[in-house]
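K.L.:
Sequence plus predicted model, see below.
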Amino acid sequence: MIEDLGRAMIEALEEDIREKFRRSGYTLTSQRRAVLDALEEAGGHPSTEDVYLIVKQKNPRVALGTVYQALSVLEEIGVITSKHWAESPTRYDLNVRPHLDIRCTRCSQVSEVPGVELGNLESQIRQNTPYEVQSTTLVVEGLCPNCQKG
């Protein structure tokens, strides 16, 4: 049962990705697929370098610029989002829905906080500001379990 649910979620995500590519006019090239697979394999919020190293393991001839360009297209069409913090490299996230992230202030690891719903926060922000809200990203900072030990 749980396996079927996981499979259904993956199929829905794959269909959503195909639809975003169809609407954008871009094609899902083998390089973009490799970057998507690397993002999924990495889990969490990998940096460009993390994604590049995973892709390079499977295709040693891939160029870093190819990974940058694929990430750019994937973000442009809404398949992924990027997270920017001044003291760490840009991180990428396959979860494009509003959610809460937690970032370690020592090692910069980023994870999602499960079980916390943002509800209608984005619509409340839109109603209470003259800004055209393009995205809502929240992050909590603290020490991850590994850094708490050290």
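P.N.:
Sure, I can see it.
K.L.:
Which residues does the spatially most central residue of the chain form beta bridges with?
P.N.:
Nearest to the mean C-alpha position of the chain, by Cα atoms, centre = their mean, lies Asp93 at 0.8 Å. With DSSP bridges as the criterion, Asp93 is bridged to Thr81.
K.L.:
Per-residue pLDDT of it, please?
P.N.:
pLDDT for Asp93: 91.
K.L.:
now swap in Met9 and tell me
P.N.:
Here the pLDDT value assigned to Met9 is 62.
K.L.:
Check the one 3 residues further on too.
P.N.:
According to the per-residue confidence, Ala12 scores 74 in pLDDT.
K.L.:
That one: neighbour count?
P.N.:
Around Ala12 there are 10 other residues, counting by other Cβ atoms under 10 Å. To be clear about C-beta, it is placed using only N, CA and C from the backbone, and glycine gets the same treatment.
K.L.:
Then it would be within a strand, right?
P.N.:
No: using DSSP: H, G, I helix; E, B strand; the rest coil, the secondary structure at Ala12 is helix, not a strand.
K.L.:
Select the helix or strand of the chain having the lowest average pLDDT value.
P.N.:
In the chain, the helix or strand scored least confidently by mean pLDDT, DSSP states H and E is helix 2-24, which has a mean of 75.
K.L.:
State the next helix or strand along the chain beyond that one.
P.N.:
Using DSSP states H and E, the helix or strand that follows helix 2-24 towards the C-terminus is helix 30-42.
K.L.:
How about residues contacting the very next helix or strand once past that next one?
P.N.:
Helices and strands here follow DSSP H and E; after helix 30-42, the next one along the chain is helix 48-58. Residues from elsewhere that reach helix 48-58, judged by Cβ atoms under 8 Å, 6 or more residues apart in numbering: 34-35, 38-39, 41-42, 46, 62, 64, 67-68, 71, 89-90, 92.
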